[in-house]
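# Sharing a model prediction with you, sequence too.
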Amino acid sequence: MSGHSKWANIKNKKGKADAARGNLFTKIGKELQIAVKAGGPNPDANSKLKDVIAKAKANNMPNDNIMRSIKKASGEGANDIIEEITYEGYGPAGIAIIVECATDNRNRTAAEVRHIFDKFGGNLGTSGCVSFMFDQKGVIVIENDGDKEEDEVMMDALDAGAQDFSADEDVFEIETTPADFSAVREALEGKGYNFIEASVRMVPQNYVKLTDEAQMEQIEKLLDGLDDNDDVMNVYHNWDE
């Protein structure tokens, strides 16, 4: 079931995020608050919260930070309105980009995201202009540290209900449907697996390779600009980095 690994793009983005870990924790904290407000502070009764907690732990977010975000959403400041908004557009050379945001000021966020697209040669489009090029999938990434054989990991994943499996020398990558993500993740957790990445994300159906150095530099600046924005939670694209 091996195929084109999506981890290269995730790893590139994650490496940049690790360089600004405080910013990453702030964004995950906002995701935790949104999940709590949507379904309550008990992860056993709130599957979305449980999934975000798993994402936080995969990114080495301290438990104190996780609990602080949950308490903030369920206690003081719980009436703050945070709106989730998704923007779609094109980067240089027609690279498709999806930007997921969480904001308390829709007008500010829209203006900032549009400015970043314009500044680095992109175009912010209308809803649906690029999302048809992506599929929503659960993605679980496990480090290939030599402790387990590929066949064993693959069978554990498939038995848990995974949709697809791929492996390279660095990682095992497991894909699920969004509906099955929580169950697969929990089953693998129960078998003692630790995750590098565990989230539901938008996965490109096809990737675009660039050869022009100027275009590559520009798209990288655009993606970095989006990642650095406090209201931007996730950025997905079909550039084959």
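Thanks, I have it.
# CA atoms for contacts and neighbours, from now on please.
OK.
# Tell me which residues of the lengthiest strand in the chain come out buried.
For the chain, the longest strand by residue count, based on DSSP state E, is strand 134-143. Of all the residues in strand 134-143, those buried under the rule 16 or more other CA atoms under 10 Å are 134, 137-143.
# So which of the residues you listed sits lowest on pLDDT?
Among the buried residues of strand 134-143, residue 143 carries the weakest pLDDT, at 89.
# Apart from its chain neighbours, what residue comes closest to that one?
residue 171 (4.5 Å; CA to CA, 6 or more residues apart in numbering).
# on that earlier part again, describe which strands the longest strand of the chain pairs with in its sheet and in which direction.
strand 171-176 (antiparallel), strand 197-204 (antiparallel) (DSSP bridges).
# quick check: angle from the helix or strand just after that strand to strand 171-176?
The helix or strand immediately downstream of strand 134-143 is helix 150-160, counting by DSSP states H and E. With axes from the mean of the first three to the mean of the last three CA atoms, to 10 degrees applied, the angle from helix 150-160 to strand 171-176 works out at 20 degrees.
# in helix 150-160, what counts as buried?
For helix 150-160, by 16+ other CA under 10 Å, it's 150, 153-154, 156-158, 160.
# elements contacting the following helix or strand past that helix?
As assigned by DSSP H and E, the chain's next helix or strand after helix 150-160 is strand 164-167. Counting contacts by 3 or more CA pairs under 8 Å, 6 or more residues apart in numbering; DSSP states H and E, strand 164-167 is packed against helix 150-160, strand 171-176.
# Dump the ones you listed to a markdown table, plus distance to residue 62 and mean pLDDT.
A markdown table is the format used below for those (distance: least, CA to CA, whole Å; pLDDT from 0 to 100):
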| stretch | distance to residue 62 | mean pLDDT |
| --- | --- | --- |
| helix 150-160 | 27 | 95 |
| strand 171-176 | 24 | 95 |
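# Out of the ones you listed, which is closest to residue 65?
strand 171-176 (27.4 Å; CA to CA).
# quick one: contacts of that closest one?
Residues outside strand 171-176 that contact it (CA atoms under 8 Å, 6 or more residues apart in numbering): 5, 7, 137-145, 150, 153, 157, 161-167, 184.
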